[in-house]
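In: Predicted coordinates and the sequence they were generated for:
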Amino acid sequence: MRVLGIEGTAWCASAAVYDAETDAVSIHSDAYEPDSGGIHPREAAEHMGDAVPRVVRTALDDAREAYGADPVDAVAFSRGPGLGPCLRIVATAARALAATLDVPLVGVNHMVAHLEIGRHRSGFDAPVCLNASGANAHLLGYHDGRYRVLGETMDTGVGNAIDKFTRHVGWSHPGGPKVEEHAKSGEYVDLPYVVKGMDFSFSGIMSAAKQAYDDGVPVEDVCFSLQEHVFAMLAEVSERALSLTGADELVLGGGVGQNERLREMLAGMCEARGAAFYAPEPRFLRDNAGMIAVLGAKMAAAGDTLPVSESAVDPDYRPDEVAVTWRDDAASVAVAGGRDDEGVRRGAEATVDLDGERAVKRRLAKEYRHPTLDATLRRERTVGEARLLAEARRAGVPTPLVRDADVEGSTLTLQYVGDRDLAADPTAAGARRVGRHLARLHTAGLVHGDPTTRNVRVVDGADEGGAAREVDGDRAPRPFLVDFGLGYATDHVEDYAMDLHVFEQSLVGTTDGAEPLVDAVEAGYREAGDGGSERVLDRLRTVEGRGRYR
Ligand SMILES: C[C@@H](O)[C@H](NC(=O)OP(=O)(O)OC[C@H]1O[C@@H](n2cnc3c(N)ncnc32)[C@H](O)[C@@H]1O)C(=O)O
Ligand SMILES: Nc1ncnc2c1ncn2[C@@H]1O[C@H](COP(=O)(O)OP(=O)(O)OP(=O)(O)O)[C@@H](O)[C@H]1O
Ligand SMILES: [Fe+2]
């Protein structure tokens, strides 16, 4: 099978022909470079109108020379996400070509293409995928017929965040390569670092970077520190996703993946935990039609083609909307949580020695991140965790007692609680009690920061009245919340909603048929929420519904 792919979601007009038999991909691209500022949608669309026919002609001429009169068996195009005016031009071209060449049409999700190209070229089975592109940033894992979003940016895409800083400095688009160049002679300065479970946010760090520049901090130092913070955040959430799912493969996708420091951090993180890492070569990382053609071929082979009447573009097309037709279900990243209650547990941040009485949690140095940032994070989280565990307990939320805190050694000695984690045994009754605990925590003005199914320990036990009983047809598991390293005090409803969102995402990402569990969490949250629950649940709906394409 040979497929013509066409890409043109924002800046890159590109056409490629993929030959599945030889695995050869030839790509022809023509980039739009704004004279000043960022990408202007109208100018970008004009560029597509001009350049798409040209790159397609070149790609087809080459293909006819190589393969003869019938060069391709299908035409695949980027259907979204992207800028509407650009997408429509590409789709119109693709429909016309499919008709002229008399072959089927395939509509490809651009973000899924960014990750599938890495899976394809690595040969990995069930990787976690980090998409680090201009307009997006998310972590995805395949499970049960879809790519699930395990974590994502809560504001802008990673490349756009960097580009906003470089516009402020007066550099031309795209800014990423310029930041990488200037970072080479920079030194470390402190900037905000924001991760919430496997989600993350760039707005605070970008404002701080602009401010630092305005205050006269050398631009090289700001560039260096931007990279150190932003990429360490991406490496940390990737590690968290590997830890939560039990996956041992990571692939990188997207234009920011061309950055060597990002690749170095991810490779270092994976090496330290014995996971395999793969980043495709730059021509497959930045926007390109090669990835569209490769995924298009897999979809066409699976019969996943589009009648013209259903081929409308979708500027907000999310990767988890795609029904994956080209993979079998065997390779899923959703390996449920460990049952190894004896011995050493390895989380994303720490190693925990468990002996049935005590849990000794050590935050070991992360070699991949800058030593100053590493020391700051380990210290702040150790101190913060000890404090939050005690405060949560005072608010009526079951947590382990802190027996000893060694801040210098970043080590906490905790009471051993539960006999398994919720990920190993997710039940509606357990989820409902977690909902109640989160409501109590929020009512006390605290958030957990990383409430995943792995950070809940459960033990079968009595209900609050002391009697053993069944809840919702399940036995009554009593949950304890552990791992408060990312917790903090706050009175923002958004923070409470995010806490719930993180927990629900971890249920959806790692369990089959998560819906009743999610309902149970919200039922528990309402029961114990002291009147404020509805406001938080309303905000949760907003958080979930936010389009991430900005
Ligand atoms: C929807 C689609 O249009 C969009 N495409 C996109 O963002 O283009 P992509 O090629 O994946 O990424 C471009 C971004 O990648 C950044 N970039 C390029 N080289 C870089 C480098 N060496 N270091 C850091 N960032 C880099 C650029 O600054 C720019 O923000 C997307 O995938 O989100
Ligand atoms: N006090 C405790 N009692 C029993 N088990 C515990 C305790 N604390 C932690 N554990 C177990 O050890 C695992 C790792 O601990 P923890 O989540 O604190 O580490 P981490 O490295 O911060 O993990 P994460 O990947 O969530 O960041 C937990 O998932 C839990 O199963
Ligand atoms: Fe892209």
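Out: Structure received. Ligands and ions are numbered 1, 2, ... in the order given.
In: is it true that Gly461 touches Pro479?
Out: No - applying C-beta atoms under 8 Å as the test, Gly461 and Pro479 come out as separate, 9.9 Å apart. From N, CA and C alone the C-beta is placed, and that goes for glycine too.
In: neighbour count winner among these two?
Out: Legend: neighbour count by other C-beta atoms under 10 Å for Gly461 and Pro479, higher for Pro479 (25 against 13).
In: Spell out which parts of the chain neighbour ligand 2.
Out: 240, 243, 345, 347-350, 352, 354, 359, 361, 400, 414-418, 421, 450, 454-455, 457, 482-483, 485 (C-beta under 6 Å from any ligand atom).
In: Please report phi then psi for the residue of the chain at minimum distance from ligand 2.
Out: Residue nearest to ligand 2 within the chain (C-beta to the nearest ligand atom): Gly347, separated by 2.0 Å. Note on Gly347: backbone dihedrals following degrees, to the nearest 10 are phi -90, psi -170.
In: residues contacting Gly303?
Out: Applying C-beta atoms under 8 Å, 6 or more residues apart in numbering to Gly303 gives the contacts Thr325.
In: Pro499 and ligand 3: what is the separation?
Out: No, residue 499 isn't Pro; it's Asp. Distance check for Asp499 against ligand 3: by C-beta to the ion, to the nearest Å, it reads 30 Å.
In: try Pro477
Out: From Pro477 to ligand 3 the distance is 43 Å (C-beta to the ion).
In: Tell me how many other residues crowd that residue.
Out: 25.
In: for it, what are its contacts?
Out: 422, 425, 427, 429-430, 433, 458-461.
In: So which of those belong to helices?
Out: 429-430, 433 (DSSP state H).
In: tell me which element the closest residue to Lys210 other than its chain neighbours falls in.
Out: Spatial nearest neighbour of Lys210, chain neighbours left out: His168 (4.8 Å); criterion: C-beta to C-beta, 6 or more residues apart in numbering. Secondary structure from DSSP states H and E places His168 in helix 158-169.
In: and the very next helix or strand once past that helix, which residues are buried?
Out: Sequence order places helix 176-183 as the next helix or strand after helix 158-169, per DSSP H and E. For helix 176-183, a neighbour-count test (16 or more other C-beta atoms under 10 Å) marks 176, 178-180, 182-183 as buried.
In: what's the answer for stretch 427-442, then?
Out: 427-442.
In: nearest to Glu7, of the residues you listed?
Out: Ala431 (41.4 Å; C-beta to C-beta).
In: need the contact list for that closest one.
Out: Ala431 neighbours (C-beta under 8 Å, 6+ apart): 422, 507, 517-518, 520-521, 524.
In: Ranking helices and strands of this structure by mean pLDDT, which lands last?
Out: In the chain, no helix or strand scores lower on mean pLDDT, DSSP states H and E than strand 470-471, which sits at a mean of 52.
In: mind checking which helix or strand the residue of the chain positioned farthest from its centre is in?
Out: Centroid-distance maximum for the chain: Ala69 at 42.9 Å, with C-alpha atoms, centre = their mean. For Ala69, there is no enclosing helix or strand under DSSP H and E.
In: Tell me how far Phe124 lies from Asp248.
Out: Distance, Phe124 to Asp248, by C-beta to C-beta, to the nearest Å: 9 Å.
In: Which residues are in contact with each of the two?
Out: With C-beta under 8 Å, 6+ apart as the test, Phe124 and Asp248 both reach Ala276.
In: quick one on the thing from earlier: what about the residue farthest from the centre of the chain, distance to Ala15?
Out: 19 Å.
In: cool, and Gly303?
Out: Look at Gly303 and Ala15: by C-beta to C-beta, they are 24 Å apart.
In: related to what we said a few turns ago, looking at the contacts of Pro477, spot the one nearest ligand 3.
Out: Leu422 (35.4 Å; C-beta to the ion).
In: Pull the contacting residues for the closest one.
Out: 337, 430-431, 434, 453-454, 456-458, 477, 479.
In: my guess is Phe503 is in a strand, correct?
Out: No - under the criterion used here (DSSP: H, G, I helix; E, B strand; the rest coil), Phe503 is helix, not part of a strand.
In: burial of it, as a residue count?
Out: Residues near Phe503, counting by other C-beta under 10 Å: 27.
In: That one contacts Pro451, correct?
Out: Yes - if you go by C-beta under 8 Å, Phe503 and Pro451 touch, sitting 4.2 Å apart.
In: what do those two both touch?
Out: 434, 438.
In: Next, count neighbours for Glu534.
Out: Residues contacting Glu534 under the criterion other C-beta under 10 Å number 11.
In: per-residue confidence for it?
Out: Here, the pLDDT recorded for Glu534 equals 95.
In: buried set for the helix or strand in which it is found?
Out: Counting by DSSP H and E, the element that carries Glu534 is helix 533-545. If you call a residue buried by 16+ other C-beta under 10 Å, then helix 533-545 has these buried ones: 533, 536-537, 539-540.
In: Wait, Ala293 touches Val25, no?
Out: Yes - using C-beta under 8 Å, Ala293 is in contact with Val25, at 6.6 Å.
In: Spit out the contact partners of the residue lying closest to Glu228 once chain neighbours are set aside.
Out: Excluding the flanking residues, the one nearest Glu228 by C-beta to C-beta, 6+ apart is His370, at 4.5 Å. By C-beta under 8 Å, 6+ apart, His370 lies in contact with 188, 228, 232.
In: Of those, just the buried ones, PyMOL syntax please.
Out: Here is the PyMOL command that picks out the buried ones among the contacts of His370, judged by 16+ other C-beta under 10 Å:
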select buried, resi 228+232
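In: Which of the contacts of His370 sits closest to ligand 1?
Out: Using C-beta to the nearest ligand atom, the contacts of His370 come closest to ligand 1 at Glu228, 13.0 Å.
In: Ramachandran coordinates for Val482?
Out: Per degrees, to the nearest 10, the backbone of Val482 is at phi -120, psi 180.
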